[in-house]
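one predicted model, sequence on top.
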Amino acid sequence: MKTTDFAYYLSSYLTDYLPLQRNTSRNTIRSYRDCFKLFIKYLSEEKGISIEKISLKYIERNTVTSFLLWLEQERECSISTRNQRLAAIESFFKYIAAEKPEYLFQAQQIGSIRIKKSSKPVIEYLSVDATKTLLSVINTALKQGRRDLAMMSLLYDSGARVQELIDLKVQDIHTGIAPTVDITGKGNKFRTVPITKATGDILDKYIHEFNLNKPENQCKQLFKNKFNHSFTREGVTYTLQKYATIAHEEDTSIPRNISPHILRHTKAMHLIQAGVDLVSIRDFLGHVDISTTDIYAKTNVEEKRKALEKAENLVTVEMKSWEEDHDLMEFLNSIR
């Protein structure tokens with residue numbers, strides 16, 4: 001079968017350009033890969049172009065805009081997801097423009113597609129008491145439950161993204177008097193995050209019980225599922241939701257359909273409420289720009305406002321309208 005220019009350059013882009021020349025993180029490459037899987041599906045099923053015949057010449061500005069519309073309307077993707085897919089396609093065509101200058105104009109046309117503005121999402125998080133309840137329902141009489149407690153405690157206490165948690169190795173955990181965890185985040189950026197002594201003790205017991213403390217196991221995944229395979233995002237989410245369903249019976253503020261990212265939001269909000277400054281929280285969470293972290297501070301202000309509105313209003317003194325104060329008006333009018 002003859003390889004098309006699209007297949008050739010897409011393969012080179014994902015396996016050579018991004019990982020070797022740009023040192024792009026695995027998570028970003030996976031995201032771009034998923035984008036093009038959807039794009040190929042769209043071209044094949046909606047445009048009637050067989051996969052083996054997809055060529056760069058078919059991918060014009062209108063093709064991309066109709067693909068984005070398909071994502072929103074047919075697949076019910078969020079505006080944020082739509083914008084992420086657009087970023088992946090634009091990045092690919094910047095690469096194409098450099099490799100094949102005859103496609104420069106086509107790449108510029110695709111690059112001119114605007115991102116869509118969307119309303120800022122509401123930050124969902126748990127209260128301190130709700131977080132305690134969520135962790136308390138894990139059955140630690142079972143070995144699997146003790147693993148789950150270690151995983152969920154670390155997910156909350158480190159504020160890690162779910163993929164960051166999945167990627168952790170045993171050697172990344174440092175227990176003791178001042179326990180820390182080494183996290184490799186987006187763009188392969190490294191950060192060391194402090195965790196509480198309680199979480200450190202839970203992890204230390206877990207590591208010893210599962211025989212992960214041996215030298216030969218230091219480079220192994222910290223958490224594995226019952227099949228001894230690395231956890232997936234879906235696996236972590238399933239585990240979290242299982243306990244959230246139980247905890248919801250005790251505290252209805254805990255959503256059954258909870259996501260791991262809510263625990264990250266929860267940790268950030270608890271840090272804000274404890275008076276930790278934004279720069280420290282930015283570094284803790286691994287944000288590139290402090291404006292990303294600022295959303296937690298704004299959310300906290302709104303929560304304070306709601307609390308004030310619910311409080312008893314003690315300001316009852318009625319103010320007289322300045323228009324009714326004739327002496328004052330006469331004084332002001334007398335000034336020349």
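Arrived safely. Not measured: the values here are computed from a predicted model.

tell me the pLDDT of Asn333.
Asn333 is assigned 64 on the pLDDT scale.

just Asp16 next, same as before
94.

look up how far Ser25 lies from it.
16 Å (C-beta to C-beta, to the nearest Å). The C-beta positions use only the backbone N, C-alpha and C, and glycine is treated the same way.

settle it for me: which of those two has more neighbours?
Ser25 (18 against 11; other C-beta atoms under 10 Å).

what ranges do the helices span in the stretch 1-150 of the chain?
5-12, 26-45, 61-73, 79-99, 104-111, 128-136, 143-158 (DSSP state H, counting those that start in this stretch).

repeat for the stretch 151-300 of the chain
Along the stretch 151-300 of the chain, the segments classed as helices by DSSP H, counting those that start in this stretch run 162-167, 197-209, 233-248, 260-273, 278-285, 290-310.

tabulate these (CSV), appending mean neighbour count, distance to Gln73 and mean pLDDT.
Listed next are the helices of the stretch 151-300 of the chain as CSV, based on neighbours: other C-beta atoms under 10 Å; distance: least, C-beta to C-beta, whole Å; pLDDT from 0 to 100:
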stretch, mean neighbour count, distance to Gln73, mean pLDDT
helix 162-167, 20, 28, 92
helix 197-209, 18, 44, 94
helix 233-248, 18, 25, 95
helix 260-273, 21, 25, 89
helix 278-285, 17, 33, 81
helix 290-310, 13, 28, 60
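
Throw those helices into JSON lines and include distance to Asp182, thanks.
Below are the helices of the stretch 151-300 of the chain laid out as JSON lines (distance: least, C-beta to C-beta, whole Å):
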{"stretch": "helix 162-167", "distance to Asp182": "10"}
{"stretch": "helix 197-209", "distance to Asp182": "13"}
{"stretch": "helix 233-248", "distance to Asp182": "19"}
{"stretch": "helix 260-273", "distance to Asp182": "17"}
{"stretch": "helix 278-285", "distance to Asp182": "13"}
{"stretch": "helix 290-310", "distance to Asp182": "21"}
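
quickly compare the helices of the stretch 1-150 of the chain and say which is most buried.
helix 143-158 (a mean of 21; mean count of other C-beta atoms under 10 Å).

pull the CA atoms of that one into CSV?
Provided in CSV are the C-alpha atoms of helix 143-158 (Å, rounded to 0.1, in the frame of the first residue of the first chain):
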residue,chain,number,x,y,z
LYS,A,143,-5.3,-5.0,51.7
GLN,A,144,-6.8,-3.4,48.6
GLY,A,145,-8.4,-0.8,50.9
ARG,A,146,-5.0,0.1,52.4
ARG,A,147,-3.7,0.6,48.9
ASP,A,148,-6.7,2.8,48.0
LEU,A,149,-6.2,4.9,51.2
ALA,A,150,-2.6,5.5,50.3
MET,A,151,-3.5,6.4,46.7
MET,A,152,-6.4,8.7,47.6
SER,A,153,-4.6,10.4,50.5
LEU,A,154,-1.6,11.1,48.2
LEU,A,155,-3.9,12.3,45.4
TYR,A,156,-5.5,14.9,47.7
ASP,A,157,-2.4,15.8,49.8
SER,A,158,-0.1,16.4,46.9
